[in-house]
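Trainee: below is the structure, and that's it, no one-letter string:
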């Protein structure tokens, strides 16, 4: 009888401990909690710091983040890439162990003699100044035209020498090619409120309004064709590789292209939306492809950005992202109706998504590892 009573007592103590664990957010050693957020080293692999103000890096330190700031070239989205590079170099010189940058190349003079040499010269200069990546932007495939008025896609052979130069220098390409599938839908049919807002405010890039332009499928095919032609290119598909609407379609590309990874910039809400529909599928996808996924936000800071507003919104966004990935909490978002559950990923997976994969796919930042 004494042994039975002892056993019952131990069970009661165990149940009480489980109840307290649930209330306090404590879990076993294999998982992080909300309370671990500030203590874990993290990298935001896609952000735009277009200012010399260093307060943004101070905020990053508070949240234990390091950054890769991304340059791009689009006449419709100032400042010019040369100005962006100036901001990037200012920040990387001030915080060499906390921020790196990805350069880009211009297609403003694509149809002129000497464009290729100009693009390569700019890249060479950027690599000498420490650029760890090269952004290829959606203007290729969405606004760039040749002399006949035909849209130029990324698999155009004229890009081959530039891509080959990047490969020769062992630098990663970050490709924002195409847009989310919502881009080809009417606004009221889009799945995510962020997409509704962006394309309402940027009709130039709302392809539903431009049926004469290349389709969503043509954008993806051109990107895939480029990767087939350059199997040695280390490639990170920005924004879940513009395949945010289906983890099955994204998995097909990751299986086909071993040198491809994707960042999550501005697309975590799409993963949340998919997890609302099929939690297990999204969870299992992140487990299976844990070596190919990079945490990123696509946050941006300009000279006129209110620093305190930025710090507040950035912190709140990242805490919600952390909750989605590390807990099993029931959650809601402003991006769509309904609730979804956190993915509760193991520590080992979180460490890869939040830091180790950025160090792997952008080798130039490995100097951070022991800092």
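Mentor: Structure's in. What do you need? Every value quoted in this text rests on a predicted model; they were computed, and no experiment measured them.
Trainee: contacts, neighbours, all on C-alpha from now
Mentor: Will do.
Trainee: quick one: the helices in the stretch 201-350 of the chain, in order.
Mentor: 216-229, 238-241, 247-256, 268-277, 279-288, 307-326, 347-351 (DSSP state H, counting those that start in this stretch).
Trainee: got any ranges where the stretch 251-371 of the chain has weak pLDDT?
Mentor: 368-371 (pLDDT under 70).
Trainee: go again using 50 as the cut-off
Mentor: For the stretch 251-371 of the chain, not a single residue meets the criterion pLDDT under 50.
Trainee: one step back: deepest-packed of the helices of the stretch 201-350 of the chain, please.
Mentor: Highest mean neighbour count among the helices of the stretch 201-350 of the chain (mean count of other C-alpha atoms under 10 Å): helix 238-241, with a mean of 28.
Trainee: what about residue 48, which SS state?
Mentor: For residue 48, the assignment made with DSSP: H, G, I helix; E, B strand; the rest coil gives strand.
Trainee: residues touching it, list them.
Mentor: 69-71, 298-301 (C-alpha atoms under 8 Å, 6 or more residues apart in numbering).
Trainee: check residue 338 too.
Mentor: 276, 332.
Trainee: what distance do you get for it to residue 273?
Mentor: Using C-alpha to C-alpha, to the nearest Å, we find residue 338 at a distance of 9 Å from residue 273.
Trainee: next: residue 284.
Mentor: 15 Å.
Trainee: any idea of the pLDDT on residue 10?
Mentor: In this model, residue 10 is scored at 39, pLDDT.
Trainee: please disregard the earlier target; I meant residue 21.
Mentor: Here, the pLDDT recorded for residue 21 equals 40.
Trainee: what do you get for residue 75?
Mentor: Looking at residue 75, its pLDDT is 81.
Trainee: helix/strand/coil for it?
Mentor: Going by three-state DSSP: residue 75 is coil.
Trainee: am I right that residue 135 is in a strand?
Mentor: Yes. According to three-state DSSP, residue 135 belongs to a strand.
Trainee: who's in contact with it?
Mentor: Per C-alpha under 8 Å, 6+ apart, neighbours of residue 135: 70-72, 102-105, 173-176.
Trainee: quick check: the gap between residue 132 and residue 41.
Mentor: For residue 132 relative to residue 41 (C-alpha to C-alpha), the value is 20 Å.
Trainee: more neighbours: which of the two?
Mentor: More crowded of residue 132 and residue 41, by other C-alpha atoms under 10 Å: residue 132, with 21 against 16.
Trainee: isn't residue 68 right up against residue 46?
Mentor: Yes. Using C-alpha atoms under 8 Å, residue 68 is in contact with residue 46, at 5.6 Å.
Trainee: where do the helices sit along the stretch 1-150 of the chain?
Mentor: 2-24, 55-62, 81-94, 115-128, 139-142.
Trainee: which secondary structure elements does the third one sit against?
Mentor: Helices and strands touching helix 81-94, as assessed by 3 or more C-alpha pairs under 8 Å, 6 or more residues apart in numbering; DSSP states H and E, comprise strand 99-104.
Trainee: and the strand it packs on, which strands flank it?
Mentor: strand 65-70 (parallel), strand 133-136 (parallel) (DSSP bridges).
Trainee: and the angle from that strand to helix 55-62?
Mentor: Interaxial angle, strand 99-104 versus helix 55-62 (axes from the mean of the first three to the mean of the last three C-alpha atoms, to 10 degrees): 130 degrees.
Trainee: and the angle for strand 99-104 with helix 81-94?
Mentor: 160 degrees.
Trainee: list the buried residues for strand 99-104?
Mentor: Buried residues in strand 99-104, counting neighbours by 16 or more other C-alpha atoms under 10 Å, are found at 99-104.
Trainee: so for that strand, what's the average pLDDT?
Mentor: Mean pLDDT, computed over strand 99-104, is 97.
Trainee: next one: that strand to chain centre, how far?
Mentor: Offset of strand 99-104 from its chain centre (C-alpha atoms, centre = their mean, to the nearest Å): 14 Å.
Trainee: how about stretch 118-136?
Mentor: Worked out by C-alpha atoms, centre = their mean, stretch 118-136 lies 20 Å from the chain centre.
Trainee: in that stretch, what counts as buried?
Mentor: Across stretch 118-136, burial judged by 16+ other C-alpha under 10 Å covers 118-120, 123, 126-127, 130-136.
Trainee: contacts only, for residue 289.
Mentor: With contact taken as C-alpha under 8 Å, 6+ apart, residue 289 is in contact with residue 251.
Trainee: straight-line length of stretch 286-303, end to end?
Mentor: Start-to-end, stretch 286-303 (C-alpha to C-alpha) is 36 Å.
Trainee: how far away is residue 334 from residue 54?
Mentor: Distance of residue 334 to residue 54, given as C-alpha to C-alpha: 30 Å.
Trainee: more crowded one of those two?
Mentor: residue 54 (14 against 10).
Trainee: so who does that one touch?
Mentor: Taking C-alpha under 8 Å, 6+ apart, we find residue 54 in contact with residue 91.
Trainee: quick check: phi and psi on it?
Mentor: phi -90, psi 0 (degrees, to the nearest 10).
Trainee: could you number the chain from 9 rather than 1 from now on?
Mentor: I'll keep to 9 as the first residue from here, and by that count the last item is residue 62.
Trainee: relative to residue 68, how far out is it?
Mentor: Look at residue 62 and residue 68: by C-alpha to C-alpha, they are 10 Å apart.
Trainee: same check, this time on residue 137
Mentor: When residue 137 is compared with residue 68 (using C-alpha to C-alpha), they lie 23 Å apart.
Trainee: nearest residue to residue 254 in space, ignoring adjacent ones along the chain?
Mentor: Using C-alpha to C-alpha, 6 or more residues apart in numbering and skipping the chain neighbours, the partner closest in space to residue 254 is residue 282 (7.8 Å).
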